[in-house]
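Enquirer: Structure of the sequence below:
(one chain, ligands or ions: 2)
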Amino acid sequence: MDEQKVLSIKGLLDDTPEEYLSHKEKYENSIRKSVLFYKTLHSTEDENMSVDEKTKLNFRNIVTSAIFKDNSPFMLHNSMFIPTIMGQGTDEQREYWMKRAKNMEIIGTYAQTELGHGTFIRGLETQATYDPDTEEFVLHSPVLSSYKWWPGGLAHTANYCIVMARLYIKGKSHGIHPFMVQIRDEETHMPLPGIKLGEIGAKLGFNTVNNGFLGFENHRISRDRMLMKNAQVLKDGTFVAGSNSKLTYGTMVYVRVLIVSNMANMLAKAVTIALRYSAIRRQSQPKPDEPEPQILDYVTQQHKLFIAIASSHAFYMNAMWLWEIYYSVSLQLASGKLDNLPELHALACCLKPLSTIDATAMIEKCRLACGGHGYMLSANLAQTYGLATAAYTYEGENTVLLLQAARSLVKAWVGHVKGRPLKGTMAYLAGDSTVKAWDGSIDGIIQSFKVVAIRKISSVVKILQDYEKSGLSPEDAWNKASVFLTAASEAHGRAVLLSVYKSEMDKRAAVLSPPLRKVLLQLVDLYVTYWALEKVGDMLLYASITDKDVDELQRRYIELLAAIRPNAVGLVDAFDFRDEILNSTLGAYDGRAYERLMEEAMKSPLNAEPVNQTFHKYLKPFMRGKL
Ligand SMILES: CCCCCCCCCCCCCCCCCCCCC/C=C/C(=O)SCCNC(=O)CCNC(=O)[C@H](O)C(C)(C)COP(=O)(O)OP(=O)(O)OC[C@H]1O[C@@H](n2cnc3c(N)ncnc32)[C@H](O)[C@@H]1OP(=O)(O)O
Ligand SMILES: Cc1cc2nc3c(=O)[nH]c(=O)nc-3n(C[C@H](O)[C@H](O)[C@H](O)COP(=O)(O)OP(=O)(O)OC[C@H]3O[C@@H](n4cnc5c(N)ncnc54)[C@H](O)[C@@H]3O)c2cc1C
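Expert: Residues are numbered from 1 along each chain as shown. Ligands and ions are numbered 1, 2, ... in the order given. Down below sits the predicted model:
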């Protein structure tokens with residue numbers, strides 16, 4: 001998709017900064033722009049795109065959706081409504097609904113979370129009771145906590161949604177299943193009878209995504225509205241279970257993978273803004289007889305920012321690698337082969353949390369690295385933080401996902417001890433976990449991260465087993481050990497992130513020009529060295545690092561910062577964000593940050609007049625003692 005084509009759409013870019021719009025105006029403006037933008041985007045995506053093209057388009061979608069400084073009310077339509085139809089619909093359901101959805105004849109969302117439940121899907125309370133007499137499902141929200149709460153676009157935008165509801169047949173629950181539900185009249189957009197809709201209110205970010213609530217009062221839908229690829233309800237009410245009840249969770253795995261690439265993009269945007277600003281900002285005078293230096297020449301500033309460049313590369317390489325796994329597992333699922341699904345689930349449950357934790361922290365560090373001007377909304381760093389930090393919670397709250405990954409790691413380790421073979425990304429757990437002497441090479445450090453993971457997983461399994469031997473139930477033992485279960489998952493995730501980044505770069509290095517190869521491998525070295533220093537406690541405990549080795553690592557880290565400095569601006573320019581997409585007074589390519597700050601300041605409605613009407617109404621009487 002050509003960004004120039006998108007950006008040239010008349011009216012897409014705001015002349016009035018969104019910051020000065022009301023909550024309602026922000027939403028209305030975002031709808032206006034989404035329609036403008038979507039007409040262009042829509043004409044460029046098709047079924048036959050390659051994995052790489054699709055991902056790039058998603059990547060570009062993500063990049064381009066940044067135009068809004070927030071996300072679009074159409075976001076869930078693309079990122080969950082359509083994927084759920086694809087993944088959960090029968091062939092005929094896909095045929096019918098995909099045409100309508102891709103043509104934007106209907107706009108959908110994905111309604112799973114309720115006021116009372118987000119994490120615990122099996123606790124969802126929205127009911128879908130099958131009526132064999134009319135061959136319909138009756139959707140009902142029995143109590144307030146069963147209202148759907150959070151789905152993007154649900155409040156005023158979508159007219160259809162996938163509702164994840166508990167299926168009841170003849171009084172028996174058959175678990176959570178996806179239902180295609182029309183929620184608004186296609187002509188009038190009025191909520192249909194028995195449907196209550198509204199917006200959940202202002203949030204830290206996502207304020208144009210139109211997150212809403214949805215309540216049902218015995219609302220009837222026909223039998224063919226249950227998406228029946230993985231499980232079916234026959235006309236007479238016979239329930240036909242799917243091969244694996246977790247297949248209904250498939251969309252969430254897809255989005256978790258999408259989030260890893262989204263974090264690469266968000267972080268790239270933030271560090272482009274902060275680093276370009278750091279190149280033009282001059283401050284302080286360490287050498288009395290010299291001009292104020294660029295703040296980018298302060299090594300502390302390089303420490304704050306260069307890791308963000310390397311992390312964006314690491315997330316992107318891991319995301320591309322994970323997409324390949326996702327697509328191959330999806331093909332296997334289509335032919336009924338399920339045995340690689342647990343590994344994909346575990347990987348997504350590691351990489352989504354780690355990429356969102358790191359990206360959120362590093363985007364905030366990019367903001368802080370810009371001093372006072374980083375605090376301006378016109379810098380677009382606070383909004384970028386708001387978008388990124390949401391991903392810590394949505395699509396599976398990070399702690400919960402790390403515990404899911406721990407579940408797989410514990411199973412793998414216990415199986416390994418009993419002689420069962422390990423496979424895929426967990427195969428390294430069978431490796432030697434005793435490190436005789438520290439190996440400070442990149443591969444040596446990555447190996448040390450694998451040793452740390454092995455040791456943390458084996459030790460938390462021992463804790464679990466000791467608790468169970470002491471008489472604790474498996475559930476209580478699990479809860480007691482859960483802090484160290486998440487730590488073991490994080491260690492596994494770190495080992496995956498590091499080794500995949502290195503191996504994916506090695507694959508690409510062969511085709512790079514020597515200068516480019518040198519710079520990109522410096523970033524890999526920086527990333528590995530940074531994390532070895534961040535996790536020096538684990539290295540001391542499990543990888544036989546000595547204080548001399550740490551001293552050497554610190555010097556290497558400082559030298560790497562110095563080596564990367566000359567290419568730092570070029571590295572963020574290489575992310576190739578157009579100014580309109582960065583949408584930042586500090587990050588524009590021309591470096592005119594001060595002029596842009598002033599231009600944006602003058603757009604404040606308060607600057608329309610020299611004296612605000614409150615002077616005469618309140619201040620003057622107050623100052624004259626007349627109030
Ligand atoms: C601008 C103009 C318009 C155009 C658009 C342009 C742009 C468009 C696109 C780009 C936009 C830019 C950004 C894109 C980024 C993406 C953002 C998308 C927005 C997302 C918004 C948020 C949506 C949501 O949050 S949806 C709700 C998500 N909710 C959750 O994730 C809930 C988390 N909870 C769970 O998953 C489960 O409850 C779980 C797993 C915690 C427990 O499940 P359980 O049933 O209780 O299982 P349990 O008893 O624990 O047993 C576990 C068992 O099951 C296996 N398992 C679990 N889950 C899965 C799975 N998913 N797949 C496979 N297997 C699974 C697990 O392995 C265990 O197995 P065993 O150990 O063998 O028993
Ligand atoms: C910006 C945004 C957009 C969203 N969009 C959508 C959407 O479009 N559609 C949709 O359906 N949902 C959406 N959600 C909802 C989101 O999926 C849920 O918020 C998320 O799944 C977390 O569930 P929760 O909010 O109930 O938190 P909870 O699960 O209540 O988590 C609260 C705390 O409890 C802890 N906790 C919970 N369970 C466990 C456990 N088993 N072990 C240990 N600790 C636990 C968590 O770690 C956390 O610290 C969105 C949320 C946000 C923030």
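Enquirer: now the helices: where do they sit in the stretch 451-600 of the chain?
Expert: Assigned by DSSP state H, counting those that start in this stretch, the helices in the stretch 451-600 of the chain fall at 474-480, 482-509, 514-534, 536-542, 547-564, 568-573, 579-582, 593-601.
Enquirer: Could you list the low-pLDDT ranges of the protein?
Expert: 1-3, 5-7, 14-15, 40-68, 627 (pLDDT under 70).
Enquirer: what does it have sitting close to ligand 1?
Expert: The chain comes close to ligand 1 at residues 34, 37-38, 41, 61-62, 65, 72, 74-75, 78-79, 110, 112-113, 119-122, 152, 246, 249, 252-253, 255, 258-259, 262, 341-342, 345, 394-396, 400, 404, 407-408, 411, as judged by Cβ under 6 Å from any ligand atom. Every C-beta, even on glycine, is put in place using the N, C-alpha and C of the backbone.
Enquirer: Just the ones of those in helices?
Expert: Mapping the residues of the chain next to ligand 1 onto helices (DSSP state H) picks out 34, 37-38, 41, 61-62, 65, 75, 252-253, 255, 258-259, 262, 341-342, 345, 400, 404, 407-408, 411.
Enquirer: May I have the residues that are in contact with the residue in the chain that ligand 2 sits nearest to?
Expert: The nearest approach of the chain to ligand 2 comes at G118, 2.2 Å away (Cβ to the nearest ligand atom). Listed by Cβ atoms under 8 Å, 6 or more residues apart in numbering, the contact set of G118 reads 150, 397.
Enquirer: Give the phi and psi angles for it, as a check.
Expert: phi -130, psi -60 (degrees, to the nearest 10).
Enquirer: Next: H174.
Expert: Per degrees, to the nearest 10, the backbone of H174 is at phi -120, psi 30.
Enquirer: Give me the distance between it and Q127.
Expert: From H174 across to Q127, the span is 12 Å (Cβ to Cβ, to the nearest Å).
Enquirer: any common contacting residues for the two?
Expert: Joint contacts of H174 and Q127 (Cβ under 8 Å, 6+ apart) are Y168.
Enquirer: hang on, K617 in a helix?
Expert: Yes. Membership of K617 in a helix is supported by DSSP: H, G, I helix; E, B strand; the rest coil.
Enquirer: most centrally placed residue in the chain?
Expert: By Cα atoms, centre = their mean, the chain has its centre lying nearest to I259, at 3.2 Å.
Enquirer: residue contacts, the closest residue in space to R282 that isn't next to it in sequence?
Expert: Nearest in space to R282, with sequence neighbours left out and distances taken as Cβ to Cβ, 6 or more residues apart in numbering, is E292 at 4.0 Å. Residues in contact with E292 (Cβ under 8 Å, 6+ apart) are 282-285.
Enquirer: in which helix or strand would I find E292?
Expert: Using DSSP states H and E, E292 sits within no helix or strand.
Enquirer: List the buried residues in the longest helix belonging to the chain.
Expert: The single longest helix within the chain, with elements called by DSSP H, is helix 299-334. Neighbour counts over helix 299-334 (16 or more other Cβ atoms under 10 Å) mark 301-302, 304-323, 325-326, 329-330, 333 as buried.
Enquirer: helices or strands up against it?
Expert: helix 51-65, helix 250-280, helix 341-368, helix 482-509, helix 514-534, helix 547-564, helix 568-573 (3 or more Cβ pairs under 8 Å, 6 or more residues apart in numbering; DSSP states H and E).
Enquirer: Point out the most buried one among the ones you listed.
Expert: Counting by mean count of other Cβ atoms under 10 Å, helix 250-280 has the highest mean neighbour count of those, with a mean of 26.
Enquirer: Specify the angle between that helix and helix 299-334 in degrees.
Expert: Orientation check (axes from the mean of the first three to the mean of the last three Cα atoms, to 10 degrees): helix 250-280 against helix 299-334 gives 160 degrees.
Enquirer: Helix 250-280 and ligand 2 in contact?
Expert: No. Using Cβ under 6 Å from any ligand atom, we find that helix 250-280 stays clear of ligand 2, coming within 8.6 Å at best.
Enquirer: how far does that helix sit from the chain's center?
Expert: Helix 250-280 has its C-alpha centroid displaced from the chain centroid by 8 Å (Cα atoms, centre = their mean, to the nearest Å).
Enquirer: likewise stretch 432-448?
Expert: 31 Å.
Enquirer: what's the span of that stretch from first residue to last?
Expert: Start-to-end span of stretch 432-448 (Cα to Cα, to the nearest Å) is 11 Å.
Enquirer: Pull out the buried residues from that stretch.
Expert: For stretch 432-448, burial by neighbour count (16+ other Cβ under 10 Å) applies to 433, 435, 438-440, 442, 445-448.
Enquirer: ok, of the residues you listed, which one's closest to ligand 1?
Expert: For the buried residues of stretch 432-448, the minimum distance to ligand 1 (Cβ to the nearest ligand atom) is 23.5 Å, reached by S433.
Enquirer: Please verify my assumption that that closest one contacts V451.
Expert: Yes. Under the criterion of Cβ atoms under 8 Å, S433 makes contact with V451 at 5.1 Å.
Enquirer: got any residues that touch both of these two?
Expert: Here S433 and V451 share the contacting residues Y542, scored by Cβ under 8 Å, 6+ apart.
Enquirer: picking up where we left off before, cross the contacts of E292 against helices and list the overlap.
Expert: Those of the contacts of E292 lying in helices (DSSP H): none at all.
Enquirer: Just give me the closest of these to Q613.
Expert: Within those, proximity to Q613 (Cβ to Cβ) peaks at Q283, which comes in at 38.2 Å.
Enquirer: The closest residue to that closest one other than its chain neighbours: neighbouring residues, count only.
Expert: Leaving aside its sequence neighbours, Q283 sits nearest to I295 (Cβ to Cβ, 6+ apart; 5.3 Å). If you count neighbours by other Cβ atoms under 10 Å, I295 ends up with 21.
Enquirer: dump the residue contacts of I295.
Expert: 278, 281-283, 301.
Enquirer: Now compare those and name the two farthest from each other.
Expert: Of all pairs drawn from those, the one with the longest distance (Cβ to Cβ) is R282 and Q301, at 12.0 Å.
Enquirer: what does the domain assignment say about this structure?
Expert: 3-69, 107-246, 254-422+439-570 (automatic domain parsing).
Enquirer: what's the span of the last one from first residue to last?
Expert: Same thing as domain 254-422+439-570. One end of domain 254-422+439-570 to the other measures 33 Å (Cα to Cα).
Enquirer: Quick one: distance of stretch 388-398 to the chain centre.
Expert: Counting by Cα atoms, centre = their mean, stretch 388-398 comes out at 7 Å from the chain centroid.
Enquirer: residues of it that come out buried?
Expert: 388-392, 394-396, 398.
Enquirer: Also stretch 131-140?
Expert: Quick answer for stretch 131-140 (16+ other Cβ under 10 Å): 136-140.
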